[in-house]
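Engineer: Sequence and predicted structure are below.
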Amino acid sequence: MALTPMSWPDPVAGDATRVLVVCTANICRSPAAAQLLRDRASARGVGVSVSSAGFLEDGRSADPTMVALAATRGIVVGDHRSTVVDEPLLRSADLVVTMERRHARELVVMAPDHAHRVHTLLGLLEAAVRAAPSGEIDSWLRTVTADRHAADLMGDRGADQIPDPYGRAKRHYRTCLDSLEQGVDGLVGTLAALES
């Protein structure tokens, strides 16, 4: 069953930033990234409520290889069940981070008036270098996307994407986890700057 806007899983202060993390099936990258974001934000005292979703089907367990390798880094995702992203969940998020551009494209089509809130995780970090995080998150995201063109979300290769390791060799999962840790650490820093 998809989460509704009233069922964000992390009960924190009312002004917490709601971050939705999206990948293809919500069984590999996005659950690991979401848990990592919860853990790292909590350690830094950054107020977030985190959810994750994908595009395929509800109720699937997390990928066992990701569960095992994430656990070696202290990221616990074993009890995760997949959720299909829907428009209410998307619209309830303050920020949506995706693993790939194609995920971002699909979400922008789903809610075009919320396009400024949708970014690849690594692309958002690039944007934070160009426009220092400050003020309210929605205003900052509008500034960040003011010069973004539809073509910026085209193509399926680029440094702003985190490839899917599902069904591949363990080294691909490790590379993915390296990218997720780098991306989430940068995101927590960005959210901390927006809170200050």
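Structural biologist: On my side now, so go ahead.

Engineer: Go ahead and confirm residue 90 touches residue 96.
Structural biologist: Yes - at 6.5 Å, residue 90 counts as touching residue 96 under the criterion of Cβ atoms under 8 Å. In short, each C-beta sits where N, CA and C put it, glycine included.

Engineer: What are the contacting residues of stretch 181-194?
Structural biologist: Here stretch 181-194 makes contact (Cβ atoms under 8 Å, 6 or more residues apart in numbering) with 17, 19, 33, 36-37, 40-41, 44, 46, 48, 73, 97, 121-122, 124-125, 128, 132-137, 140, 162.

Engineer: one more time with 7 Å
Structural biologist: For stretch 181-194, the surrounding residues in contact (Cβ atoms under 7 Å, 6 or more residues apart in numbering) are 17, 33, 36-37, 40-41, 44, 46, 48, 97, 121-122, 124-125, 128, 133-134, 137, 140.

Engineer: Tell me which helix or strand in the chain has the weakest average pLDDT.
Structural biologist: Here the helix or strand of the chain ranked lowest by mean pLDDT, DSSP states H and E is helix 121-130, holding a mean of 91.

Engineer: quick one on the thing from earlier: give the PyMOL command for selecting the buried subset of the contacts of stretch 181-194.
Structural biologist: Here is the PyMOL selection string for the buried members of the contacts of stretch 181-194, based on 16 or more other Cβ atoms under 10 Å:
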select buried, resi 17+33+36+37+40+41+46+48+97+121+122+124+125+128+133+137+140
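
Engineer: where's residue 20, which helix or strand?
Structural biologist: Using DSSP states H and E, residue 20 sits within strand 17-22.

Engineer: So which other helices or strands are in contact with that strand?
Structural biologist: Applying 3 or more Cβ pairs under 7 Å, 6 or more residues apart in numbering; DSSP states H and E, we find strand 17-22 packed against helix 29-44, strand 48-53, helix 87-92, strand 95-98.

Engineer: in its sheet, what does the second one sit against?
Structural biologist: If I follow you right, that is strand 48-53. Using DSSP bridges, the strands paired with strand 48-53 in its sheet are strand 17-22 (parallel).

Engineer: Next, the buried residues of the longest helix along the chain.
Structural biologist: The single longest helix within the chain, with elements called by DSSP state H, is helix 170-195. For helix 170-195, a neighbour-count test (16+ other Cβ under 10 Å) marks 173, 176-177, 179-181, 183-184, 186-191, 194-195 as buried.

Engineer: What angle do strand 17-22 and it make with each other?
Structural biologist: Here helix 170-195 runs at an angle of 160 degrees relative to strand 17-22 (axes from the mean of the first three to the mean of the last three Cα atoms, to 10 degrees).

Engineer: quick one, what contacts residue 143?
Structural biologist: Taking Cβ under 7 Å, 6+ apart as the test, what residue 143 contacts is residue 131.
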